[in-house]
Structure formats: C-alpha cells, structure tokens
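> next come a sequence and a model predicted from it.
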Amino acid sequence: MEDKLTPPEAKKGNSKIPLIIVLLLLLLAAGYAGMLFTEKGDLEKQLQNCEATSTEIQEEKTRVISELEAMKVQYDTLYANNDHLSEELLAEREKIEELIQQAKNKNWTIAKLRKETQTLRVIMQGYVQTIDSLNTLNETLIVEKAEINKKLGEEKNKTTNLTKEKEELSTMVRIGQRMEALDVMVIAQRVKSNNVHRETSKASKANKLKVCFTLNKNEIADAGTKVIHVRIIAPDATILPANDDTDGKFEFGGGASAFYSLKREVKYSNVELDQCFYYEVIGSIPSGKYICEIYCAGADIGKTTITLK
C-alpha cells in the first residue's frame, strides 16, 4: 500500500516537465516566426531592388534608344550635306538602325548597347571633324577660286582691251596705209589715122578713154608693186569690159568680185606717182554720164565722172 502512494514532492516535480516543454516549443515557434519575418523582409527588399533595377534598366534602354535615334538624325544630316563620305556615313547609319532594333528586341545587354553607342559616337565625331576640315578646305578653295576668277577676269579684260587696242591700231594702220588716187579725171579722145589724139565730148566720136590720176605720197604704206583696177560704168550701169584675155573680174571690199575695165601694175616707192591708163573703145558707146572708179589692192581709192553727148 505504501508503494502505490505518490509523495507530494514527486507529484510536484512531474508537473514541471510539461511546462518546460511548452516553454521550449513557444521559444522555438517565436524564433521560427522571427526567422520567417526576417526572410520576408529580405525578400520584399530584394523584390523592391529588382523592381528598381528593372525600371532603371528600362529607363537606360530608353535613353540609349533616344541617343541612337538622335545620332541617326545627325548621320542623316551629315549624309545629306557631304557627298565625299556618303558611303561611309550610310554604313554607320545602318549600324545605328541595327542597334535600335537590337535594343527594342532585348537581344543585347544595356552595357553592350552603351559600348556600341559610344563607339558610334566617337566615329561620328571623327566624321564631323573630317567634314569640318573638308568644309574649311572647301571654303578656302572657294575663296581662292573667286580670287583666281577675279584675276582671270581682270586679265581677260586686259586681253580684250589689248585686242581692241590692237584692232584699232591695225585699223588706223590700214587707214594710214591706204592709197589715194588724187585728181582723177577721164578724157574722151578721138584718135585719127595719123595717131593724133583729140579730146572730144561726143560719145559717137570717142574711140579711147584716157584715165589719169596721181597716187598719193604715203610713208607708212608698203612700197612695191601695186595692182590698179579701173572700172568704167556706162550710163546703163554696165561695166565697159576689159580688153584682155582674163575673165575681167577682181576681188574688192572683203571678198566680193566685180568686173573691171582696166588693169595695170605700177611700182610705188611711197612718193607721188602720176599715172594714165587708156581704154580702147570697141564699137560705139552711148551718150550720157560715165562713172570711173579706181581700186588699189581691192580698195576704192578714188572716182570721178564724165558726161558725153
């Protein structure tokens, strides 16, 4: 009977064990809950960081794309204004377009996009410097060309003026060298059987026309043989024909040809020279006014008229 009875101290000690276990369980639960709370905070922080990073990445990508778009416009401007680098600029512009598509399609990382963008920016700056140098050189060449054209224009004007002065001088020389037939006169003659020449005013009796004149003194004219042509124009405007074996034509007034009545070569030595030509009338000539023209080297040097009854 004594063994079956539990002392009060033994009962008291056994009742403490469940309490301790409960306390331990509570402590474990509290620790686990704290650990879960901490992990939740870390996860929320990581999530926030990921969201922030994603936003920054998207913003960075947008900035890179904007830079590329602006760069493309700059390349378009460079391409439009510079023919010398058109092929190179077009190739770089295509690279920019490819980068923009890569960025939009998320095929490249932001770091790589930024690297490629920076590379293209450096290349573009090089083109800008090159173009600036070309523009500067072009402006210099334009100024030099303008100066050269100005000098050429001045030289051309000088040449034109000199040519004009030369032509005027040549004209003056030609005028100065021109011969003149002074005191031109025509005398109708009747030649008798004894070869006596009698002056007549009747066309029906005239069988010779005597043409006399004096070649003027001209110190600047070319001395030497001078070819003299005489044209005797009848009242009906016909030319009394030449009595020689030629076609009776000569050139005058810049290449035109005309019939002549008399031709003779004379020796001229820059002093006055008296000359008389004789035209033999074949058959009969009409009455009226006759015009006599004297030519030397194709130039008209004198004239006169005679009227026969």
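All right, it came through fine.
> ok, residue 153 to residue 145 distance?
12 Å (CB to CB, to the nearest Å). Using the backbone N, CA and C atoms, a C-beta is placed for each residue, glycine as well.
> oh, I was asking about residue 216
Per CB to CB, residue 216 is found 56 Å from residue 145.
> looking at the two, which has the bigger crowd around it?
More crowded of residue 216 and residue 145, by other CB atoms under 10 Å: residue 216, with 18 against 11.
> find the nearest non-adjacent residue to the more buried one, please.
Take residue 216 and drop its neighbours on the chain: the residue closest to it by CB to CB, 6 or more residues apart in numbering is residue 180, 4.2 Å away.
> count of neighbours near that neighbour?
If you count neighbours by other CB under 10 Å, residue 180 ends up with 17.
> please report how far it lies from residue 261.
As judged by CB to CB, residue 180 and residue 261 stand 20 Å apart.
> with residue 284 instead?
Residue 284 sits 16 Å away from residue 261, going by CB to CB.
> more neighbours: which of these two?
The residue with more neighbours, out of residue 284 and residue 261, is residue 261; 22 against 11, by other CB under 10 Å.
> in the stretch 151-300 of the chain, which spans are strands?
Assigned by DSSP state E, counting those that start in this stretch, the strands in the stretch 151-300 of the chain fall at 181-191, 197-199, 208-215, 224-233, 249-252, 256-259, 262-268, 273-280, 288-296, 299-308.
> CSV please, covering the ones you listed and showing distance to residue 71 and mean pLDDT.
CSV is the format used below for the strands of the stretch 151-300 of the chain (distance: least, CB to CB, whole Å; pLDDT from 0 to 100):
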stretch, distance to residue 71, mean pLDDT
strand 181-191, 91, 90
strand 197-199, 110, 85
strand 208-215, 91, 92
strand 224-233, 86, 91
strand 249-252, 80, 85
strand 256-259, 78, 86
strand 262-268, 90, 90
strand 273-280, 94, 91
strand 288-296, 86, 92
strand 299-308, 81, 90
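> what's the closest of the ones you listed to residue 66?
Among the strands of the stretch 151-300 of the chain, the nearest to residue 66 by CB to CB is strand 256-259 (84.7 Å).
> buried sites along stretch 209-217?
For stretch 209-217, burial by neighbour count (16 or more other CB atoms under 10 Å) applies to 209-213, 215-216.
> isn't residue 305 up against residue 292?
Yes - contact criterion CB atoms under 8 Å: residue 305 and residue 292 qualify, at 7.0 Å.
> now residue 206: phi and psi?
phi -80, psi 120 (degrees, to the nearest 10).
> and the residue lying closest to it once chain neighbours are set aside, what does it touch?
Of all residues not flanking residue 206 in the chain, residue 188 sits nearest, at 3.9 Å (CB to CB, 6+ apart). By CB atoms under 8 Å, 6 or more residues apart in numbering, the contact list for residue 188 reads 199-203, 205-206, 208-210, 306, 308.
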